[in-house]
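# Kindly return the folded structure for what I paste below:
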Amino acid sequence: MKKYSDITVKYLKNQKKRTILTIIGIILSVALISSIPTMFYSMQKSEIKMVKRTVGDFHFAYSNVEYDLLNRLKNNPKVEDISVQVDVIKITFNGKYKLTITELNKKGFEMLPIHIKQGRLPQNNSEILIEKWALEKMDNKPGINDKVVFDVNGENKQYTVVGILENRINSQYFGETRGFTLLEKIPRDKKMNIYLKLKSKISIKNNIEEFEKMKGKGKFATNERLLRLLLQSSDSKGNKAIFIICGILIGLVIISTVAVIYNAFHISVLERIKQFGLLRSIGATPRQIRKIVFKEATLLSVIGVPIGIVSGIFGLKLVLFIVSRGGGILIKANEVEVSPYIIIGSILLGFISVYLSAFLPANTASKISPLDALNNRGSIKKEKIKKKKGIIYRFLNIEFAMAYKNIKRNRKRFRITVFSIMISVILFIVFSTFTDMINKIIDDGNEILNMDYQILKVSSQKENYMFTEEDYNWLKSINGVNKVYREYNTFYGSALIPTDKVSDLYKEVSKPNIIEHDNEKFNIIKVSINVYDSGKLDRSKDYIKYGLIDEDKLNAENGVILVVNNRLYSRELKKSITLDIANFKEGDNILIDINNPNQQKTYPKDGISLKVMAVLERVPFGNEYAQNGVKMITTKEVAEKIISKIDKEKYKENFKREFSGIYIRGFFIQLYENANRDVVTNKLRQLEQEDSTNRVIDVKADIKEQKRAMMQMKVFLYGFIVVIALIGSLNIINTVSTNMILRKREFSILKAIGMDMSQIKKMVVAEGVLYGLLGSIYGVIIGLPLSYLLYNQINGISIFPWTMPWNHIIIAITGAISIGLLSIIIPLKRIKNDNIIECIRIEE
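Model (predicted):
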């Protein structure tokens, strides 16, 4: 050995267990550094792809503008791509359906959300793309390569169908669609729509105002969803909030990384104080001791950092794969996008974290006196001998008393272990509450996502606006149909809710009318009354927040089910607000005025008191949230009692139509998974052939897109939590296991002086509980303010009330204690079989 630092390699080879445990700490930390930014990056890229598919791959859009603007945009050095859209002709086919033939340049087919189900893109202006449902409505039901002829101002215009587009819900509902063909020559005398993308190095948000001024008499809009994801939105507060949120989360990950690696090194150094003392006693200087520790850090990081990066990314892909299989879709490996900047940053942060983590332990090792080190008193506090026992010891048995003494004797080891648990708890609480907050912003989806068809009336004829029970029974009899849900008409009125039950935020934003009656103040809030059949009520049970849904009890007790969760848009704040309008529980009564939909400031003479049987998290069918009011769900029988109070003349005055009672206005249909869709579709089309006011809408394609987008986000979010929980758990296991393994000599001495294995086990378990409990308490104390800081920033994008994350706190505390105790079991089994004399001879 030529120099003291040469001892490092020999030591690492000799102490394999300790070396492996330290490397595992580095691997876990670097895995955290690489996986979390990769998760964010992949989420962003995934959402960008989804927005480009559903909205379009453009930054700005002009509508109804002149050719001159197109010329100016083409010559603008900031513009990369331009899509031009010109509406050529509008025609009516099959007597009632409308088709707008639109010409697009080649870039238009790339930039706009045009998705071909079958076929190819048009190569000239005599080839066309049309939605599937529209082709089915045309004479002879044309398919790929078939000719379609339209009458345009008395002249026949012929096109060849070269592609079939996916059906869109809105176009089916309104009976209006577009056919897309190629724009071969841009007309100078026609109005047009223009979509454009700026070059990648150009700041989009700084150029919004400049491009908006160019619109002339036309209209200008930004692709706000895409710009927000690119952090180029015109909403500077929103952009700032996103930056701060990412900064907090990534900053927390970096701090946690340094902390975990620091723990690994610090425990290692503390347990080798005697060895460093021996080196000091034979002439090693403090500087040489520091060199030994830093060389050890370098060697361990060279091994741990690359493995950590690979483990982080592979682990992320594996977690997403497992989570997504449970959700019905499969996230492919290539959908987790890895940025070279993240890899380089992770390597640098990994090495920096290791050196920062080694700095304090190196100083500790270099500063300790040789005498203290040889006596191994560097980290152990010598206690004063007291004749009288403290109060706390009077209530503890010997095992718990020893556990308490161990914590007091070796404060540094105690702090390191508690700190490690605290970091894991902080990570879990912050990231899980962050996931909950994001879930409140995005839609969860409801039963509509499981539907295949919607059937509606689109008639303006007063005598033909309803379906019959015969229609319902006929639909149920179709082979392949699993469920048919009736859609009844909706009634509106006002709910009188005591002001102390109404949300303060709602009162501030919506300013509902207030009336006073019998010395009690009420807010008058709009209420919609929705009639559900037995099938819908059964599905609603999955959405219960409070109470129970029992159709017989609803009928017997004039019962209703409430949805008070609202999503509003504040023009003043320019952001959406999600909140519960009022605080209702099962058993409460709610007074409604069915003749007062306009919220007059009068107490109703003929108000109806209804009993709240259940409160739902969100609406099971239709829009997920109530819109600026209370959504009330009940049975047809109870609804009949409610509408019996309707003043028919007043109803006609309010709604400009005669009162019609309760009727079926449509259906939702769900098929069996193995059903033949084409056969069912052809059968359903008979409704349209028999009655032109019937409209059959194939909602599957649009809903599938929504479901995929929603599921993609859910998979990323819950994958996020799994990764954090996994790394946090492994961190606790590694720290506690290391702590146990490095105390083999101590446990052997205790066995030698008379403690049996069961007493040692009780002592160690007591220590584990104390570590877990204190680490969890500190983690909650720090984690909650950080979560609230994130909440304040997210409120810059969308407002919703703060709720204490009790479930995450309980999971974090029980998880930390349980994992800590589990990580003790294996080392204890090994210690049980160790030879006492050999372990006492160990020089750690």
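
# Could you use CA atoms for every contact and neighbour count after this?
OK.

# Now do stretch 50-63: everything it contacts.
With C-alpha atoms under 8 Å, 6 or more residues apart in numbering as the test, stretch 50-63 has contacts from 110-113, 192-198, 204, 215, 218-223, 225-227, 709.

# now do the same end-to-end measure for that stretch.
Its first and final residues considered, stretch 50-63 spans 23 Å by C-alpha to C-alpha, to the nearest Å.

# cool, stretch 492-503 as well?
Terminal residues of stretch 492-503 lie 21 Å apart, using C-alpha to C-alpha.

# What residues sit buried inside it?
Of the residues in stretch 492-503, 492-499, 502 count as buried by neighbour count, 16 or more other C-alpha atoms under 10 Å.

# isn't there a strand covering residue 454?
Yes. The assignment for residue 454 by DSSP: H, G, I helix; E, B strand; the rest coil puts it in a strand.

# circling back: just the buried residues out of the contacts of stretch 50-63, in PyMOL syntax.
Buried members of these, defined by 16+ other C-alpha under 10 Å, are picked up in PyMOL with:
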select buried, resi 110+111+112+192+193+194+195+196+197+198+204+215+220+222+223+225+226+227+709
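
# Assumed residue 148 was part of a strand.
Yes. With three-state DSSP as the criterion, residue 148 is part of a strand.

# Tell me where the model's unsure across the stretch 301-450 of the chain.
Residues of the stretch 301-450 of the chain that meet the criterion pLDDT under 70 lie in 320, 322-335, 365, 368, 370-400, 403-404, 406-410, 412-413, 443-444.

# how about the helices of it, start to end?
All helices of the stretch 301-450 of the chain, identified by DSSP state H, counting those that start in this stretch, fall at 340-367, 370-374, 391-394, 398-409, 411-441.

# about what we covered before: so which of the contacts of stretch 50-63 belong to helices?
Members of the contacts of stretch 50-63 lying in helices (criterion: DSSP state H): 110-111, 225-227, 709.

# Looking at the helices of the stretch 301-450 of the chain, which is nearest to residue 536?
Proximity to residue 536 (C-alpha to C-alpha) singles out helix 411-441 among those, at 24.1 Å.

# what comes up buried for the closest one?
For helix 411-441, the neighbour count (16+ other C-alpha under 10 Å) marks 412-435, 437-438, 441 as buried.

# Distance to residue 808 added to the buried residues of stretch 492-503, as TSV?
Formatted as TSV, those follow (distance: C-alpha to C-alpha, whole Å):
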residue	distance to residue 808
492	39
493	40
494	38
495	35
496	36
497	33
498	33
499	32
502	27
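
# Could you work out the most separated pair of these?
Based on C-alpha to C-alpha, the longest span within the buried residues of stretch 492-503 runs between 492 and 499 and measures 20.8 Å.

# hmm, back to that, so which of the helices of the stretch 301-450 of the chain gets nearest residue 244?
Of all these, helix 411-441 comes closest under C-alpha to C-alpha, at 13.1 Å.

# chain center to the closest one, what's the gap?
19 Å (C-alpha atoms, centre = their mean, to the nearest Å).

# From the contact counts, what lies against that helix?
Secondary-structure packing of helix 411-441 (3 or more C-alpha pairs under 8 Å, 6 or more residues apart in numbering; DSSP states H and E): helix 236-270, helix 700-741, helix 757-794, helix 806-833.

# Same list (those) but as JSON lines, adding distance to residue 27 and mean pLDDT.
Formatted as JSON lines, the helices and strands packed on helix 411-441 follow (distance: least, C-alpha to C-alpha, whole Å; pLDDT from 0 to 100):
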{"stretch": "helix 236-270", "distance to residue 27": "9", "mean pLDDT": "74"}
{"stretch": "helix 700-741", "distance to residue 27": "10", "mean pLDDT": "70"}
{"stretch": "helix 757-794", "distance to residue 27": "22", "mean pLDDT": "85"}
{"stretch": "helix 806-833", "distance to residue 27": "18", "mean pLDDT": "80"}
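
# out of those, which comes closest to residue 470?
Per C-alpha to C-alpha, nearest to residue 470 of the helices and strands packed on helix 411-441: helix 700-741, 25.1 Å.

# and the angle for the helix or strand following that closest one with helix 806-833?
Sequence order places helix 744-752 as the next helix or strand after helix 700-741, per DSSP states H and E. In terms of direction (axes from the mean of the first three to the mean of the last three C-alpha atoms, to 10 degrees), helix 744-752 departs from helix 806-833 by 70 degrees.

# can I get the CA coordinates of helix 744-752 in PDB?
The C-alpha coordinates for helix 744-752 follow below in PDB (Å, rounded to 0.1, in the frame of the first residue of the first chain):
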ATOM      1  CA  LYS A 744     -24.400  -7.200  15.200                       C
ATOM      2  CA  ARG A 745     -21.600  -6.700  17.800                       C
ATOM      3  CA  GLU A 746     -23.900  -4.700  20.100                       C
ATOM      4  CA  PHE A 747     -26.700  -7.300  20.000                       C
ATOM      5  CA  SER A 748     -24.100 -10.100  20.700                       C
ATOM      6  CA  ILE A 749     -22.900  -8.300  23.800                       C
ATOM      7  CA  LEU A 750     -26.500  -7.900  25.000                       C
ATOM      8  CA  LYS A 751     -26.900 -11.700  24.500                       C
ATOM      9  CA  ALA A 752     -23.700 -12.400  26.300                       C
END
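
# which of the residues in that helix are buried?
744-745, 747-748, 751.

# Pull the number of nearby residues for residue 784.
Using other C-alpha atoms under 10 Å, residue 784 has 18 neighbouring residues.

# Residue 429 is in contact with that one, correct?
Yes. Counting by C-alpha atoms under 8 Å, residue 429 is a contact partner of residue 784 at 7.3 Å.

# so what sits against both of these two?
Between them, residue 784 and residue 429 share no contacting residue, judged by C-alpha under 8 Å, 6+ apart.

# with the ones in helices among the contacts of stretch 50-63 in mind, which one is nearest to residue 39?
Among the ones in helices among the contacts of stretch 50-63, and counting by C-alpha to C-alpha, the member closest to residue 39 is residue 709, at 16.2 Å.

# Okay, domains of the protein per the record?
With domains defined by automatic domain parsing, the chain comprises 4-47+238-443+707-841, 60-222, 452-486+665-698, 490-662.

# right, and these - which one's nearest residue 232?
Taking C-alpha to C-alpha as the measure, these were each checked against residue 232, and domain 60-222 came out nearest at 4.9 Å.

# Tell me the gap between the closest one and the middle of its chain.
34 Å.

# start to end distance for stretch 109-129?
11 Å.

# Having no further points to raise, I will conclude here.
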